[in-house]
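Participant: Sequence and predicted structure below; questions after.
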Amino acid sequence: QVQVVESGGGLVQPGGSLRLSCAASGRTFSSYAVGWFRQAPGKEREFVAAISWSGSSTHYADSVKGRFTISRDNAKNTVYLQMNSLKPEDTAVYYCAADYMAPENYYDLSGYDYWGQGTQVTVSS
C-alpha cells in the first residue's frame, strides 16, 4: 500500500510555469505507476499524464503534450509534473494517483487505486 501527497500548486500567470510534486510513502513506490489527473469546476476528472514504474514510458493527454513533462525520482519517492506555457484552461485541482506495477489503462482513472487530496492550480492574469 502507498500514500501520495501532492504539492506545488498555486496561482500563475498565463505563459508561466509550475512544478507539481507527488510524494509517496512506502518502500515499494518504485513498483508503482503514477498518473496525474485534473478536475476543473463543473467538469469531470480527466487524465493529464502518467509514468511507468520504471520511468521508461510516459503518456500525455493531447491538451498538454509538448507543454507538460512527467518524471520520477524513485530514490526520493517522488513524481514530478513540470508544467510550462500554462493556459487559463489548465486551471483545475490536480491529483496524483498510483497503481501497483501498471494500471490496465494509463488514461483511465478507474485503474488507479491510491489517490492524493489534490493541489489547486490557477492560471490567471
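Facilitator: In hand now; what should we look at?
Participant: helix or strand for the spatially most central residue of the chain, which one?
Facilitator: The residue lying closest to the centre of the chain (C-alpha atoms, centre = their mean) is W36, at 2.4 Å. Assigned by DSSP states H and E, W36 falls within strand 32-39.
Participant: got the angle between the next helix or strand after that strand and strand 32-39?
Facilitator: Per DSSP H and E, the first helix or strand lying C-terminal to strand 32-39 is strand 46-51. For strand 46-51 against strand 32-39, the angle by axes from the mean of the first three to the mean of the last three C-alpha atoms, to 10 degrees is 160 degrees.
Participant: Run through who's touching strand 46-51.
Facilitator: Outside of strand 46-51, the residues within contact range by C-beta atoms under 8 Å, 6 or more residues apart in numbering are 33-39, 57-61, 64, 68-72, 79, 81, 94, 103, 106-109. Any C-beta I mention is one placed from the backbone N, CA and C, and that applies to glycine too.
Participant: and the following helix or strand past that strand, which residues are buried?
Facilitator: Once the chain leaves strand 46-51, the next helix or strand it forms, by DSSP H and E, is strand 58-60. Of the residues in strand 58-60, 59-60 count as buried by neighbour count, 16 or more other C-beta atoms under 10 Å.
Participant: partners of strand 58-60, with directions?
Facilitator: Note on strand 58-60: by DSSP bridges, its sheet partners are strand 46-51 (antiparallel).
Participant: just how off-centre is the strand it pairs with within its chain?
Facilitator: 6 Å (C-alpha atoms, centre = their mean, to the nearest Å).
Participant: can you pull the buried residues of the strand holding W36?
Facilitator: 32-38.
Participant: likewise stretch 116-125?
Facilitator: 116, 118-119, 121, 123.
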